[in-house]
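1. here is a sequence together with a model predicted from it:
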Amino acid sequence: MKRLALAVVISWLASNTAWAKSVEDLPYTQVYDGCSEGPSAWHVICKAMEEHHVKPALEKIIEESVQYDGYVASAYTHVLEDLPMDSPQQKAMIAEQKAYLDRRDDCGNDLKCILRAEKRRLDELNALRRKLEKPLPDAEMQRLTKG
């Protein structure tokens, strides 16, 4: 069932990403700096930040969640940049990001669950970034710098 849903999302994206001129135009690359925008998990985090009497342990979770939201957005954008524009791989990555956002939103008001989802996604994206990383052209660098 999950594969079918992923296939449907990918086919929808296939017809909806060709217009993008840059990675920033692609879905889910937006950074939210206001509480009135973004996915529902972002609203939960914002609401928690606005609480005046928050226990220190909860405050730490809120701060980490805000940080990890930014880390995930940045890593996702970097992965998209490393993939050919409008390629099947890039479309699959967009579908995976949508699935992540849905899983994170499924956490509801559970900030620990949101943070776990963010950490898991960041680990996935960092692993993919390492796999896509191109080796430095050592021989060419030595030639240009004469050793």
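-> Noted; the coordinates are in hand. These numbers were taken from a predicted model, which means no experiment stands behind them. Numbering: from 1, shown residues only.
2. where does pLDDT dip in the chain?
-> Regions of the chain meeting the criterion pLDDT under 70 cover residues 1-20, 147.
3. packing partners for the lengthiest helix in it?
-> Longest among the helix segments of the chain by residue count, using DSSP state H, is helix 56-82. Under the contact criterion of 3 or more C-beta pairs under 8 Å, 6 or more residues apart in numbering; DSSP states H and E, the helices and strands touching helix 56-82 comprise helix 40-50, helix 88-105, helix 111-132. C-beta here means a position set from N, CA and C on the backbone, and glycine is covered the same way.
4. buried ones in the shortest one?
-> It stands for helix 40-50. 41-46, 48 (16 or more other C-beta atoms under 10 Å).
5. re the thing from before, including distance to V23, could the helices and strands packed on helix 56-82 go into a markdown table?
-> A markdown table is the format used below for the helices and strands packed on helix 56-82 (distance: least, C-beta to C-beta, whole Å):
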| stretch | distance to V23 |
| --- | --- |
| helix 40-50 | 21 |
| helix 88-105 | 9 |
| helix 111-132 | 14 |
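6. closest to T145 out of the ones you listed?
-> helix 111-132 (26.1 Å; C-beta to C-beta).
7. helix or strand next in line after that closest one, which one?
-> Past helix 111-132, further along toward the C-terminus, the next helix or strand under DSSP states H and E is helix 138-145.
8. figure out how far that following helix is from the centre of its chain.
-> Between the centre of helix 138-145 and the centre of its host chain there is 35 Å, according to C-alpha atoms, centre = their mean, to the nearest Å.
9. out of the helices and strands packed on helix 56-82, flag the one nearest H78.
-> Distances from H78 to each of these were compared using C-beta to C-beta; the shortest belongs to helix 111-132, at 6.0 Å.
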